[in-house]
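Asks: Turn this into a model:
(chains A and B, ligands or ions: 2)
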Amino acid sequence: MEIGFNDFKVIENYLMVKMPEEIDHHKSQAISRIADDFILQERIGNIVFDFEDTVFMDSSGIGIIMGRYKKITFFGGKVYTINTSPRIKRTLMISGLHKIIEIME
Amino acid sequence: MNSKTEEQNFIQKMREREAYGKRNDKEHNEMQIEFDAVSINEAFARTAVASFLTPLNPTLEEISDVKTAVSEAVTNAVIHGYDEEYFKQYRIRTEDQGEEKQTKPKVYIHCVLDGDVLHVEIWDKGKGIANIELAMEPLYTSKPEQDRSGMGFAFMEAFMDDLEVISEPGYGTTVLMKKKVGVSSWIEHEE
Ligand SMILES: Nc1ncnc2c1ncn2[C@@H]1O[C@H](COP(=O)(O)OP(=O)(O)OP(=O)(O)O)[C@@H](O)[C@H]1O
Ligand SMILES: [Mg+2]
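Replies: Ligands and ions are numbered 1, 2, ... in the order given. As a prediction, the model looks like this:
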C-alpha cells in the first residue's frame, strides 16, 4: 500500500499524518515530501503522527519525525504521536525522541 | 508386542526418535540470498529472514527485533554502501582500466541457525566505512540532508544480542549479528 494524499488531513492548524503499516526507507521518502508540502503551503502549526495501522518501523521513521520536528519548531509548532504501540514507543525512546515530542496516551 | 511394558517402551522409543529428528533439523540450518541494492527489496529482505526463523517458534517481539535489525543493515547497504560517491569511484575505475561493466550492485545475506541462535551476516561491496567507531555512534549520520537519524547501528545493537561491523574503504561492509531466539518447541511438545 503506497502512501498518498488521503493519509494527510488538516484539522484547524494540526496536520494529521496517518502512518502506513510498514515504515522503512522505501516508504519514508514520500511521507516526508508530502508532509513538507503541507508544512510550507498550508501554514499548519503542529503535526500529529498517527501510528494506529503501523506494525513495523525502523530508523527511517525516526528520520521522518526528526526532520519534520526541525521544520515545525522553526515556526514555533509542536510534534505529537498518537496510537503509539509499546513497540513504537520503545523505538522512540531508544532514539531519545520522547524528550522533544509529545507521546499522547 | 506381547506385553504392556514392551508396547510402552516402543512408543517411548519412537517418540524420542521423532523428537531427535525434529531437533536435528533445527540444530543447523543455513540460507543465503543475493538481491539488487534497491529500496523496494528492503521489505523482501526482512521478511525472508523472519520466515527462515519460523522453525524456532520466535515470539512476535523477537520477529520484530530481527526484522528491524535486518532492515537497518540492508538499508545502510542501499543508501550508504552504494551511494553517489561509490558510483563516481566506480565510473573512474571502469573508465581507467576498461573493466567490463558489472551487473547492478547487490546486497548479500547469509543466515545460520545454530541450535536456538540466529547468525545473520549482511554485506555489500560498496564504498566501505573509513571510521567504524564514529559511524556506530548513536545519532551520527553522514547524510543528515536525506532525513537519516543516525540510529541504524544503535537499533541493531538494541534489538540483537551481538553486533560486529567489518569494513574496508573501497571494498565494502559486513555486518554480523547474533540473537538467541525462542524456546525450542520440541521440548514443549514433549511435556
Ligand atoms: N554499508 C555501509 N556502507 C558505507 N557506509 C555505511 C554503511 N552502513 C553505515 N554506514 C555509515 O555509518 C553511518 C551510521 O549508520 P546508521 O545506520 O547508524 O545511521 P544512518 O544510516 O546514517 O541513519 P538511519 O539508519 O537512522 O537512517 C552512516 O551515516 C554511514 O556514513
Ligand atoms: Mg542506517
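Asks: Write down the beta-bridge partners of the residue nearest to B:Lys125 when sequence neighbours are not counted, one by one.
Replies: Once flanking residues are discounted, B:Lys125 sits nearest to B:Gly172: 4.2 Å by C-beta to C-beta, 6 or more residues apart in numbering or on different chains. From N, CA and C alone the C-beta is placed, and that goes for glycine too. Applying DSSP bridges to B:Gly172 gives these bridge partners: B:Glu168.
Asks: Likewise for A:Asn46?
Replies: A:Tyr14.
Asks: wait, doesn't it sit right on A:Tyr80?
Replies: Yes: using C-beta atoms under 8 Å, A:Asn46 makes contact with A:Tyr80 at a distance of 6.9 Å.
Asks: where exactly do the strands run in the chain?
Replies: Since you didn't name a chain, this refers to chain A. Counting by DSSP state E, chain A has strands at residues A:8-11, A:14-18, A:22-23, A:46-50, A:56-57, A:79-82, A:102-103.
Asks: could you do chain B instead?
Replies: Using DSSP E, strands in chain B cover B:28-36, B:106-114, B:117-124, B:162-168, B:172-180.
Asks: Just put those in a markdown table and tack on mean neighbour count, mean pLDDT and distance to ligand 2.
Replies: Listed next are these as a markdown table, based on neighbours: other C-beta atoms under 10 Å in any protein chain shown; pLDDT from 0 to 100; distance: least, C-beta to the ion, whole Å:
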| stretch | mean neighbour count | mean pLDDT | distance to ligand 2 |
| --- | --- | --- | --- |
| strand B:28-36 | 13 | 96 | 18 |
| strand B:106-114 | 19 | 97 | 13 |
| strand B:117-124 | 20 | 97 | 12 |
| strand B:162-168 | 15 | 97 | 12 |
| strand B:172-180 | 20 | 97 | 11 |
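Asks: among the ones you listed, which is nearest B:Ile132?
Replies: strand B:162-168 (5.4 Å; C-beta to C-beta).
Asks: elements contacting the closest one?
Replies: helix B:132-136, helix B:152-159, strand B:172-180 (3 or more C-beta pairs under 8 Å, 6 or more residues apart in numbering or on different chains; DSSP states H and E).
Asks: Below-threshold pLDDT in chain B: ranges please.
Replies: B:1-2, B:19-26, B:93-103, B:183-191 (pLDDT under 70).
Asks: Within range of ligand 1, give me the residues from it.
Replies: B:72, B:76-77, B:80-81, B:124, B:126-129, B:135, B:140-143, B:148-153, B:173 (C-beta under 6 Å from any ligand atom).
Asks: Stretch A:52-63 spans what distance, first to last residue?
Replies: 19 Å (C-alpha to C-alpha, to the nearest Å).
Asks: Tell me the buried residues in it?
Replies: A:54, A:56-63 (16 or more other C-beta atoms under 10 Å in any protein chain shown).
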